[in-house]
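Trainee: Next comes the sequence, and after it the predicted model I'd like to discuss.
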Amino acid sequence: MRPSRSFRIFRTVALAVVVIGLLAPLLWMITASLKTNVDIYDTGKAFAFSPTLDNYANVLQRANYVQFIGNSLWVAFAATVLSLILGVPAAYSMSRFNMRRSALVVLMARVIPGVSLLVPWYYVFSNLRMVGGFTVLILSHMFVSLPLIVYIMMGYFDGLPTELEEAALVDGLTHIGAFRRITMPLSVPGIATAGILSFIFSWNNFMFALVLSGADTKTLPVAIFDFVGYASIDWGGLMAAATVVTLPIMVIALFVQKYVVSGLTAGATKG
Amino acid sequence: MSTVTTPDTRSPEARPALPDGSAWSRWANAHRKWLFAAPAMAFVAVLIVFPVAWTGYLSLTDAEGSVRAESEFIGFQNYLDVLADTDRFWPAVWRTVAFTGVVLLFEIVLGMAIALLLWRPFRGERWVRVAILLPLVATPVAVGMMWRLIFDPNIGMANQVLSWVGIGPQPWLSGQHSALPTTMFIDVWQWTPMVVLILLAGLTSLSDEPQEAALIDGASTWQRFRHVTLPLLMPTVVVAILLRGIDALKTFDILYATKGRGGGSFHEVETLNVYAYGLSFDYNDYGVSSTVLIIFFLIIIGVMWALTYRKKGLQR
């Protein structure tokens, strides 16, 4: 079914509008991060300005962003790895043994508002004097990562034929041996999808770190929020800070686009 | 692994002995179902089920101030107070419902339109897909800050673009009545791409035959969409509504990033989630905030139940 000529023209125009609408704000953020505040306030210099990296120098050196980048990387990495260790075998069991009720309990975590966890956690962990440490921050990020990983991996295991495992059992492997040597290697694309999605969601997470992080464990989204002081806003610095947190994750997402899309749409077509 | 295709037709006794016959290995294999699932289940039980139960308990107390302070059991008093609160609670409920309803409507309609445009392959498709992916993975707090600059009444690009077409400056995020619609716009900008991806996955999985049959029967483009594509795609649409609806109800990052504490000085964008957060961590009013959270939680469960119920009805 080849679309008609008029439809193709309409499609080109409409999609051009969509692409511009989606990309222009992001480009504007990056543009503003390369301007001095004088140029930002001069609306006549929207496009004609001499670019400067001063804002980035400020953000990375004076505002301690190098440390916050490290914090964000560490928290997202640790939460993702721990969630994979817990979540992949659990998803396997839930898929193979059809444990739908157990699965539902884990997936409820996707529905519960994060604040309702934060209050009891804050109670317990501040009495244990753990608020502000990495441990509780990583645990809190697992609240998002673990259900996401179980959800994606259950769908993946559901679609993975059982014949190969059965053949491995015939060849003398134990059940756990078959999982380790047959199923796991076959699941690498699924694990990559789940891991990448978990990393992105953890990197972007704001609310948990807002309450549970301390001055030394602050993650990037909280650092950006703190940039808005009570006095007038340093727009150039703020846009540089916003670019520092979004640009890396967007570049990574482009390289692993296939995985990100399959993770985001996991389970959507099962009906 | 050359015997991959041979199904096991032998009796269990005829199978070769397990290579590692230790007691631990036998026990582990026999109990692998729970051995695999238990760690994740324990994590969920300790760090999720227990906190939710505690929230329920706190909602029945007058806990406030320091987390070490004593609190008293006061029954359902908080619930009576909250449900009678027409100053902060009910406006927050209304804003949550309005926010979710409006962004869902726009995201589903726009998402469907864009997904239909992207359905059939064409040149340059790759670039459109890149553009669709970027807002989705961008950090919501940074997205909020970005739109704060664009919507700034004095130096923002939004008002400048309006001035080119002869429209006067708008207050956007700083207006008492325009703040909530502006945050809805930001949410639609960031999350319509999610709906596009989900619906596109659904469209791609549809077979071509019903379309071709309808075409041969002389159905118009609109008729084919309305009577062939849409009914077949409906289960996917419900999934998209469900996933986006849950997240929209819980929207926090862009509201807090653009308007700060309490959803602005007039609580312009204070939804239930923002209200509960503020009660907990700006006012340390844990008893009341737990009450709001339990009510909020029941609303979410109710909406989910209604949607999954409808989904089952549609599949019949």
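Mentor: Okay, I see it. Numbering: from 1, shown residues only, chains lettered A, B, ... in the order given.
Trainee: Any residue of stretch B:173-192 touching chain A?
Mentor: Yes - between stretch B:173-192 and chain A, judged by CB under 8 Å from any CB of the partner chain, the touching residues are B:W189. C-beta coordinates here come from the backbone N, C-alpha and C atoms, glycine included.
Trainee: what does stretch B:85-92 give?
Mentor: No - applying CB under 8 Å from any CB, one finds stretch B:85-92 separated from chain A by no less than 12.8 Å.
Trainee: Put the alpha carbons of that stretch into PDB.
Mentor: Output in PDB follows, covering the C-alpha atoms of stretch B:85-92 (Å, rounded to 0.1, in the frame of the first residue of the first chain):
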ATOM      1  CA  ASP B  85     -10.300  20.500  54.100                       C
ATOM      2  CA  THR B  86     -11.600  22.600  51.200                       C
ATOM      3  CA  ASP B  87      -8.600  24.900  51.400                       C
ATOM      4  CA  ARG B  88      -5.700  22.700  50.300                       C
ATOM      5  CA  PHE B  89      -6.900  19.100  50.000                       C
ATOM      6  CA  TRP B  90      -9.800  19.300  47.600                       C
ATOM      7  CA  PRO B  91      -8.200  21.800  45.300                       C
ATOM      8  CA  ALA B  92      -5.200  19.500  45.200                       C
END
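Trainee: Quick one: mean pLDDT over that stretch.
Mentor: Taken as a whole, stretch B:85-92 has an average pLDDT of 94.
Trainee: Equivalent analysis for stretch B:49-57, please.
Mentor: Mean pLDDT, stretch B:49-57: 89.
Trainee: contact partners of that stretch?
Mentor: Contact with stretch B:49-57 is made by A:105, A:112, A:116-117, A:119-121, A:123, B:290, B:293-294, B:297, as judged by CB atoms under 8 Å, 6 or more residues apart in numbering or on different chains.
Trainee: Buried residues of that stretch, list them for me.
Mentor: By neighbour count with 16 or more other CB atoms under 10 Å in any protein chain shown, stretch B:49-57 contains the buried residues B:51-52, B:54-55.
Trainee: just stretch A:64-81 next, same as before
Mentor: Neighbour counts over stretch A:64-81 (16+ other CB under 10 Å) mark A:65, A:68-69, A:71-72, A:75-80 as buried.
Trainee: what distance separates that stretch from the centre of its chain?
Mentor: Distance of stretch A:64-81 from the chain centroid (CA atoms, centre = their mean, to the nearest Å) equals 12 Å.
Trainee: Is any residue of it near chain B?
Mentor: No - Stretch A:64-81 is not in contact with chain B by CB under 8 Å from any CB; minimum separation 9.6 Å.
Trainee: quick one: the helices in the stretch 101-250 of chain A?
Mentor: Shown for the stretch 101-250 of chain A, the helices assigned by DSSP state H, counting those that start in this stretch span residues A:115-127, A:134-158, A:163-170, A:175-178, A:184-186, A:188-204, A:207-212, A:220-227, A:235-255.
Trainee: Using JSON lines, lay out these together with distance to chain B and mean neighbour count.
Mentor: Listed next are those as JSON lines, based on distance: least, CB to the nearest CB, whole Å; neighbours: other CB atoms under 10 Å in any protein chain shown:
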{"stretch": "helix A:115-127", "distance to chain B": "4", "mean neighbour count": "21"}
{"stretch": "helix A:134-158", "distance to chain B": "6", "mean neighbour count": "23"}
{"stretch": "helix A:163-170", "distance to chain B": "5", "mean neighbour count": "18"}
{"stretch": "helix A:175-178", "distance to chain B": "5", "mean neighbour count": "18"}
{"stretch": "helix A:184-186", "distance to chain B": "11", "mean neighbour count": "12"}
{"stretch": "helix A:188-204", "distance to chain B": "4", "mean neighbour count": "22"}
{"stretch": "helix A:207-212", "distance to chain B": "6", "mean neighbour count": "24"}
{"stretch": "helix A:220-227", "distance to chain B": "4", "mean neighbour count": "23"}
{"stretch": "helix A:235-255", "distance to chain B": "4", "mean neighbour count": "21"}
